[in-house]
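coordinates only, sequence not included:
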């Protein structure tokens, strides 16, 4: 499953959590320890650039946070990020530089790389979104299987048992997810891939592709 490796999904120059991502081979291996990592990283941030807004909540002074947004702990909001009206960040989250978390968007146990956009009615849980990844309005990561069994990442005949009950989606750099799409538990989408609106996505989707529907994935020209 080479295409699911951190080294093939993400440019680690585009996240404050680069050191943490270097400690694992696959991105979902980092979800369990994310809360503790955010606490450690936040405590080491430059107080000239970041202010503490509660226990284990650090917000860059250059970030924009709407007064109606909920900032749960632990959390780091990096420089230039925008947290919009009624955003709900439950905690265990890193919001990257220049990222946008929009109206009624909910985050939980996530890393958003720099310039990620989840701007309209999105749910992102137990997931990692790469540099400039964008989720269209109403698109969500479904992070628990309906039968509550453990998530298995599947790429054709290859499978990796993750041992996790909660696992949303791993989006590579510059992935575009169309409006009102559902990314099922264990979805991994390679860099520079586009997903059509109203899609139901599962498994591993190759980089530089267009996902039109299950069984119809084409390479970009």
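That came through fine. Predicted model, so just to flag it, every value in this text is computed and none were measured. Residues are numbered from 1 along each chain as shown.

so how many other residues sit close to the closest residue to residue 193 other than its chain neighbours?
Distances taken as CB to CB, 6 or more residues apart in numbering place residue 209 nearest to residue 193, at 4.6 Å, with adjacent residues excluded. C-beta here means a position set from N, CA and C on the backbone, and glycine is covered the same way. Neighbour count of residue 209, defined by other CB atoms under 10 Å: 18.

Pairing partners for residue 209 in the sheet, please.
Counting by DSSP bridges, residue 209 is bridged to residue 219.

list the contacts for it?
190, 193, 194, 217, 218, 219, 220 (CB atoms under 8 Å, 6 or more residues apart in numbering).

For it, report the pLDDT, please.
Per-residue pLDDT puts residue 209 at 98.

Tell me the buried residues within the contacts of residue 209.
Buried members of the contacts of residue 209, scored by 16 or more other CB atoms under 10 Å, are 190, 193, 194, 217.

any chance of those in a markdown table, with secondary structure too?
Formatted as a markdown table, the buried ones among the contacts of residue 209 follow (DSSP: H, G, I helix; E, B strand; the rest coil):
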| residue | secondary structure |
| --- | --- |
| 190 | coil |
| 193 | coil |
| 194 | strand |
| 217 | strand |
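
Mind putting these into CSV with distance to residue 11?
As requested, the buried ones among the contacts of residue 209 are arranged in CSV below (distance: CB to CB, whole Å):
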residue, distance to residue 11
190, 13
193, 15
194, 18
217, 23
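
Let me have those residues in JSON lines, extended by distance to residue 144 and pLDDT.
Formatted as JSON lines, the buried ones among the contacts of residue 209 follow (distance: CB to CB, whole Å; pLDDT from 0 to 100):
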{"residue": "190", "distance to residue 144": "24", "pLDDT": "98"}
{"residue": "193", "distance to residue 144": "24", "pLDDT": "98"}
{"residue": "194", "distance to residue 144": "26", "pLDDT": "98"}
{"residue": "217", "distance to residue 144": "25", "pLDDT": "96"}
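
quick one, longest helix in the chain?
Longest helix of the chain, by residue count under DSSP state H: helix 34-43.

Noted, bye for now.
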